[in-house]
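Output the structure for:
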Amino acid sequence: MDREQTTIRLPVELKEKLQKEADRRGIGFNALVLMILSEERSHHQKE
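The predicted structure follows:
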């Protein structure tokens, strides 16, 4: 899979919450964000 680097600005509190969730799941921050985006995209494609 080709990848392209993208920068997003997140509120500090959201970034911290996402990082804690990634740590809890034992995955990286980027992996969690990709998973959330993928799930959301799949959800909206079903509508």
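
buried stuff in the top helix by length along the chain?
Secondary structure of the chain per DSSP state H: the longest helix is helix 29-45. For helix 29-45, the neighbour count (16 or more other Cβ atoms under 10 Å) marks residue 32 as buried. Every C-beta, even on glycine, is put in place using the N, C-alpha and C of the backbone.

how about the residue nearest the centre of the chain, what does it touch?
Compute the mean C-alpha point of the chain, and by Cα atoms, centre = their mean the closest residue is residue 33, 0.8 Å away. Residues near residue 33 by Cβ atoms under 8 Å, 6 or more residues apart in numbering: residue 18.

pLDDT wise, what is it at?
On the pLDDT scale, residue 33 is placed at 97.

ok, back up a step: next one: the longest helix of the chain to chain centre, how far?
Using Cα atoms, centre = their mean, to the nearest Å, the distance from the centre of helix 29-45 to the centre of the chain it belongs to is 6 Å.

what's the weakest-modelled helix or strand in the chain?
Lowest on mean pLDDT, DSSP states H and E among the helices and strands of the chain sits helix 29-45, with a mean of 94.

With only the CA atoms kept, save that helix in PDB.
The C-alpha coordinates for helix 29-45 follow below in PDB (Å, rounded to 0.1, in the frame of the first residue of the first chain):
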ATOM      1  CA  PHE A  29      -0.900   6.100  17.800                       C
ATOM      2  CA  ASN A  30      -0.900   6.100  14.000                       C
ATOM      3  CA  ALA A  31      -2.400   2.600  13.900                       C
ATOM      4  CA  LEU A  32      -5.200   3.700  16.100                       C
ATOM      5  CA  VAL A  33      -6.000   6.800  14.100                       C
ATOM      6  CA  LEU A  34      -5.900   4.800  10.800                       C
ATOM      7  CA  MET A  35      -8.300   2.200  12.400                       C
ATOM      8  CA  ILE A  36     -10.700   4.900  13.500                       C
ATOM      9  CA  LEU A  37     -10.700   6.600  10.100                       C
ATOM     10  CA  SER A  38     -11.200   3.300   8.300                       C
ATOM     11  CA  GLU A  39     -14.100   2.300  10.600                       C
ATOM     12  CA  GLU A  40     -15.800   5.700  10.100                       C
ATOM     13  CA  ARG A  41     -15.300   5.600   6.400                       C
ATOM     14  CA  SER A  42     -16.800   2.100   6.200                       C
ATOM     15  CA  HIS A  43     -19.800   3.200   8.400                       C
ATOM     16  CA  HIS A  44     -20.600   6.100   6.100                       C
ATOM     17  CA  GLN A  45     -20.200   4.000   2.900                       C
END
